[in-house]
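Participant: Can you look at this prediction? I've put the sequence above it.
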Amino acid sequence: MANSNPLPLEGIRIAEITVVWAGPHVTQVLAEWGADVIRVEPITHVQPYSRGGERVSSKEVSRRTAETGTLTGAYVDCDPAEEPWNRNNAFNSHSRNKRSMACDIMLPEGKEAFLRLIEKVDVLIENNVPVTIERAGITYDVLKEINPRLIMLRMPAYGLDGPYKNYRGFGTHVEGMIGHHWLRGYPDGSPDETGEAFTADALA
């Protein structure tokens with residue numbers, strides 16, 4: 001039976017090459033709105049905020065980690081099970097409702113597979129430093145020749161040009177650069193009083 005209440009982004013296919021938090025969270029929201037999101041990631045480089053640490057924690061270690069409130073080292077039910085890379089709490093918080101594709105875009109065969117995917121998607125979302133995309137040879141100028149209708153959303157921490165463009169950064173780093181800490185602090189306080197638990201990308 002057809003869905004009588006389709007989600008707003010049903011029929012839209014999105015590829016993502018995202019890291020840490022901001023990029024994966026954006027695509028997670030789009031997936032919940034019905035988009036078909038395909039997460040592209042290599043199996044040779046483990047992203048701590050994506051699949052968890054390279055070392056698999058035991059149930060006991062995972063339980064102790066969870067008790068501290070840390071997400072990155074804990075598993076669902078504190079059990080790594082047979083596929084710990086799919087049970088990391090941080091991964092599950094932003095990668096639900098997505099498909100995945102194991103592909104290293106820095107290798108010729110990986111790039112070839114990725115470009116075949118680009119032919120079939122509507123949107124590409126990435127939040128790497130610009131030099132990563134340039135070295136991989138998958139800039140928008142290259143990709144639009146393969147798929148002229150492609151929309152590419154790029155969201156590096158410090159933009160696509162300027163002296164800081166290839167600096168990596170979390171929300172707290174960007175907020176420090178733009179003075180966000182001063183705006184949210186107390187009039188008689190210093191900007192270092194705002195904790196990272198309140199970063200804008202986590203609250204968005």
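Facilitator: Yes, it's here.

Participant: low-confidence ranges in this protein?
Facilitator: Scanning the chain with the threshold set as pLDDT under 70 gives 1-3, 46-56, 69-74, 191-204.

Participant: mind listing the helices for it?
Facilitator: For the chain, helices defined by DSSP state H occupy the ranges 22-32, 59-67, 89-94, 108-118, 130-136, 140-146, 171-178, 180-184, 200-203.

Participant: Find the centremost residue of the chain, please.
Facilitator: When C-alpha atoms, centre = their mean is applied to the chain, the residue found nearest the centroid is P24 (2.7 Å).

Participant: how near is the residue nearest to C103 when sequence neighbours are not counted to G23?
Facilitator: Once flanking residues are discounted, C103 sits nearest to G110: 4.7 Å by C-beta to C-beta, 6 or more residues apart in numbering. To be clear about C-beta, it is placed using only N, CA and C from the backbone, and glycine gets the same treatment. From G110 across to G23, the span is 19 Å (C-beta to C-beta, to the nearest Å).

Participant: Looking at the two now, which is surrounded by more residues?
Facilitator: Set G110 next to G23 and count neighbours by other C-beta atoms under 10 Å: G23 wins out with 23 against 18.

Participant: Give the full set of residues in contact with the more buried one.
Facilitator: 16, 125-127, 155 (C-beta atoms under 8 Å, 6 or more residues apart in numbering).

Participant: again with I146
Facilitator: For I146, the contacting residues are 115, 118-119, by C-beta under 8 Å, 6+ apart.

Participant: Burial check on L150, number of neighbours?
Facilitator: A total of 17 residues lie near L150 under the criterion other C-beta under 10 Å.

Participant: Touching, it and V121? I think so.
Facilitator: Yes - counting by C-beta atoms under 8 Å, L150 does reach V121; the two are 7.1 Å apart.

Participant: Could you verify my assumption that the residue nearest to C103 touches P42?
Facilitator: Yes - between G110 and P42 a contact is recorded at 7.2 Å, counting by C-beta under 8 Å.

Participant: Mind listing the shared neighbours of the two?
Facilitator: 103-104.

Participant: Can you tell me how far M106 is from T132?
Facilitator: Taking C-beta to C-beta, one finds M106 at 9 Å from T132.

Participant: When the two are compared, which one has more neighbours?
Facilitator: Using other C-beta under 10 Å, the more surrounded residue of M106 and T132 is T132, with 17 against 14.

Participant: Who are the contact partners of the more buried one?
Facilitator: Per C-beta under 8 Å, 6+ apart, neighbours of T132: none.

Participant: For V121, list the residues it contacts.
Facilitator: V121 is in contact with 13-15, 38, 147, 150, counting by C-beta under 8 Å, 6+ apart.
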